[in-house]
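**Q** Structure here, sequence nowhere to be found:
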């Protein structure tokens, strides 16, 4: 591994730690039956190309390794829908079909051999994704995708690329916004946080430079009050 690759790996490790801290991974949600249910963590960014999918994949993989019950990674980015391809999985029914009521959650889960990470692709009927999101059964259906695991990590669409992002973000227990150093503007970040005002945005991680929260992000989030 080169020195550059080592620095990138160390940086990604810092981001994963920050996401885990911000999302409060020490706790799980509790259902009406009193049993623990998986914590649903959404990952988004203002625009495409800011690293949200890479962060989502890394976080899900880390959680799957660190917790005995593993994690489920859900591709909710209907624009790029790249996660299944990244893992070398076949095209299959996925989140679109679950939200539309055309498939049960257990029918769309793809297991990774010898790993505790499970994958749910974006699906096949991507042209119907906006309708499926509007008609979706909400948080419980997303949570059911993670039955048997401790966490569900959802790769959300970029905020400026889909009107579905705020709707999907509201289905998550916690939402992380990924900003990219030298690319994400303060204005874009501020507008993104405004669009996600009805969801539980718990923090921002800064990609490609430092995962520590910069001062202007703290002001936008009003952290520390």
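**A** Great, that's in hand. Quantities reported herein were computed from a predicted structural model and do not represent experimental measurements.

**Q** Please settle this for me: is residue 72 part of a helix?
**A** No - Residue 72: not assigned to a helix; according to DSSP: H, G, I helix; E, B strand; the rest coil it is strand.

**Q** check contacts around residue 157.
**A** Going by Cβ atoms under 8 Å, 6 or more residues apart in numbering, residue 157 touches 44, 76-79, 164-165, 168. Quick note: C-beta positions are derived from backbone N, CA and C, even for glycine.

**Q** List the ones among those that fall in strands.
**A** Among the contacts of residue 157, the members found in strands (DSSP state E) are residue 44.

**Q** in the chain, which spans are helices?
**A** Ranges of helices within the chain are 3-23, 52-66, 83-86, 95-100, 129-135, 139-144, 165-170, 186-195, 215-221, based on DSSP state H.

**Q** Can you tell me which of the ones you listed has the worst average pLDDT?
**A** When those are compared by mean pLDDT, helix 215-221 comes last with a mean of 47.

**Q** Surely residue 102 touches residue 93?
**A** Yes - counting by Cβ atoms under 8 Å, residue 93 is a contact partner of residue 102 at 7.5 Å.

**Q** Of the two, which one has the most company?
**A** residue 93 (19 against 16; other Cβ atoms under 10 Å).

**Q** circling back to that earlier point, can you lay out the contacts of residue 157 as CSV showing neighbour count and distance to residue 59?
**A** Shown next, in CSV, are those (neighbours: other Cβ atoms under 10 Å; distance: Cβ to Cβ, whole Å):
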residue, neighbour count, distance to residue 59
44, 32, 13
76, 31, 14
77, 28, 15
78, 24, 20
79, 14, 20
164, 21, 21
165, 25, 18
168, 25, 17
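
**Q** Can you tell me which of the contacts of residue 157 comes closest to residue 182?
**A** Of all those, residue 182 sits closest to residue 44, with 19.1 Å by Cβ to Cβ.

**Q** do you know how far residue 87 is from residue 39?
**A** Using Cβ to Cβ, to the nearest Å, residue 87 is found at 22 Å from residue 39.

**Q** again with residue 102
**A** According to Cβ to Cβ, residue 102 stands 26 Å off from residue 39.

**Q** what about residue 103, distance to residue 206?
**A** Applying Cβ to Cβ, the value for residue 103 to residue 206 is 37 Å.

**Q** correction: residue 42
**A** Taking Cβ to Cβ as the measure, residue 42 falls 18 Å from residue 206.

**Q** Could you give the number of residues near residue 107?
**A** Residues near residue 107, counting by other Cβ under 10 Å, number 12.
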